[in-house]
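A.B. asks: Let's see this in three dimensions:
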Amino acid sequence: KFAKRKKATTKNMEVDFTEQDASSTDEEDTVSSSVSEDGDSSEMNDEDCERRRVECMDEMTTLEKQFGDLKEQLYKERLCQVDIKLQEVIAACAQEYLEPLANLQENMQIRTKVGGIYQELCLESVKNKYDCEIQAACQHWESEKLLLFDTVHSDLEEKIRRLEEDRHSIDITSELWNDGLCSRKNKTKDPFCPVKKKKPNLSFLLNPFPRPYIVYMLQDLDVLEDWTAIRKVFELTKCKSLL
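C.D. replies: The predicted structure is shown next:
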């Protein structure tokens with residue numbers, strides 16, 4: 001039994017090996033056929049890709065050319081429109097030009113009117129300032145004239161008063177001088193007359209207030225002349241100091 005089983009097992013193993021060999025050969029044939037088919041398909045795909053690439057490049061070139069043509073056409077149209085607008089602006093018939101121009105003219109009229117009013121006000125202000133300056137100058141001139149008149153009047157009155165005083169002193173001097181001459185004549189006419197005339201007290205006239213005095217070794221007339229000259233000089237210096 002054991003031997004039979006062993007023989008059967010070996011037969012079954014041989015059958016399996018043969019089947020496996022057959023299946024392996026079939027698979028090899030299938031793989032080889034598929035490889036050949038893949039090689040043919042890859043060659044066809046490369047050709048299709050190259051053809052598609054060429055077609056795409058042609059289409060891209062065509063599109064770029066069309067885009068350039070459209071761009072050039074659009075540029076020409078825009079340039080034509082701009083030229084038309086420029087001609088309308090030059091002819092002053094474009095709406096885009098007329099409306100801002102109207103606004104500018106209105107603003108110009110308003111500014112011109114305001115400028116005229118401002119000019120009139122400025123001229124009026126300058127005129128008023130001129131009148132004020134003239135009035136102030138006239139008032140100053142009047143006040144200075146009155147002040148000068150008062151000053152000259154007071155100076156003249158002071159000079160008149162001094163002249164009166166000088167004339168009075170000169171009259172006193174002349175009287176004393178006449179008295180001196182008369183006394184001298186009487187002495188020459190009557191030298192043996194025992195009566196002596198008393199001389200006038202000239203110190204009281206020259207110095208009415210008690211103060212130090214100088215004793216001159218001169219005649220009375222010479223002393224009076226010196227006193228008159230000194231008083232005149234003193235009055236002149238006093239007048240200059242007041243001025």
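A.B. asks: Could you measure from Glu144 over to Cys138?
C.D. replies: Using Cβ to Cβ, to the nearest Å, Glu144 is found at 11 Å from Cys138. Any C-beta I mention is one placed from the backbone N, CA and C, and that applies to glycine too.
A.B. asks: I should have written Gln81 there, sorry.
C.D. replies: 75 Å.
A.B. asks: so how many other residues sit close to Leu224?
C.D. replies: The tally of other residues near Leu224 (other Cβ atoms under 10 Å) stands at 22.
A.B. asks: That one: which element?
C.D. replies: Using DSSP states H and E, Leu224 falls within helix 220-242.
A.B. asks: and if you look at Gln87?
C.D. replies: Gln87 is part of helix 2-90, with elements assigned from DSSP H and E.
A.B. asks: ditto for Asp150
C.D. replies: For Asp150, the secondary-structure element it belongs to, assigned by DSSP H and E, is helix 95-189.
A.B. asks: ok and that helix relative to helix 220-242, angle-wise?
C.D. replies: Counting by axes from the mean of the first three to the mean of the last three Cα atoms, to 10 degrees, helix 95-189 points 170 degrees away from the direction of helix 220-242.
A.B. asks: Could you list the low-pLDDT ranges of this protein?
C.D. replies: 1-44, 168-220, 239-240, 242-243 (pLDDT under 70).
A.B. asks: switch to 80 and redo it
C.D. replies: Scanning the chain for pLDDT under 80 picks out the ranges 1-45, 89, 92, 94, 163-227, 231-243.
A.B. asks: gap between Thr112 and Leu101?
C.D. replies: Where Leu101 is concerned, Thr112 sits at a distance of 16 Å (Cβ to Cβ).
A.B. asks: Give the residue from these two that has the larger number of neighbours.
C.D. replies: Between Thr112 and Leu101, Leu101 has the larger neighbour count (other Cβ under 10 Å), namely 13 against 10.
A.B. asks: Next, Ala94: phi, psi?
C.D. replies: Dihedral pair for Ala94: phi -90, psi 140, per degrees, to the nearest 10.
A.B. asks: residues near it, how many?
C.D. replies: 16.
A.B. asks: again with the one 3 residues further on
C.D. replies: Applying the criterion other Cβ under 10 Å, we find 15 residues in the vicinity of Tyr97.
A.B. asks: dump the residue contacts of it.
C.D. replies: By Cβ atoms under 8 Å, 6 or more residues apart in numbering, the contact set of Tyr97 is Glu88, Val89.
A.B. asks: Could you report the distance from it to Ala91?
C.D. replies: With distances taken as Cβ to Cβ, Tyr97 is found 9 Å from Ala91.
A.B. asks: what does Cys56 give?
C.D. replies: For Cys56, the distance to Ala91 - Cβ to Cβ - is 52 Å.
A.B. asks: again with Gln139
C.D. replies: 67 Å.
A.B. asks: Kindly report the same for Val82.
C.D. replies: Taking Cβ to Cβ, one finds Val82 at 15 Å from Ala91.
A.B. asks: Give me the secondary structure label for Cys93.
C.D. replies: Using DSSP: H, G, I helix; E, B strand; the rest coil, the structure places Cys93 in coil.
A.B. asks: For stretch 97-115, buried residues please.
C.D. replies: Buried positions in stretch 97-115, judged by neighbour count with 16 or more other Cβ atoms under 10 Å: none.
A.B. asks: count of neighbours near Ser223?
C.D. replies: In this structure residue 223 is Val, not Ser. 19.
A.B. asks: now Val126
C.D. replies: Around Val126 there are 10 residues (other Cβ under 10 Å).
A.B. asks: Likewise for Lys232?
C.D. replies: Lys232 has 15 nearby residues by other Cβ under 10 Å.
A.B. asks: Asp166 is in contact with that one, correct?
C.D. replies: Yes - counting by Cβ atoms under 8 Å, Lys232 does reach Asp166; the two are 6.5 Å apart.
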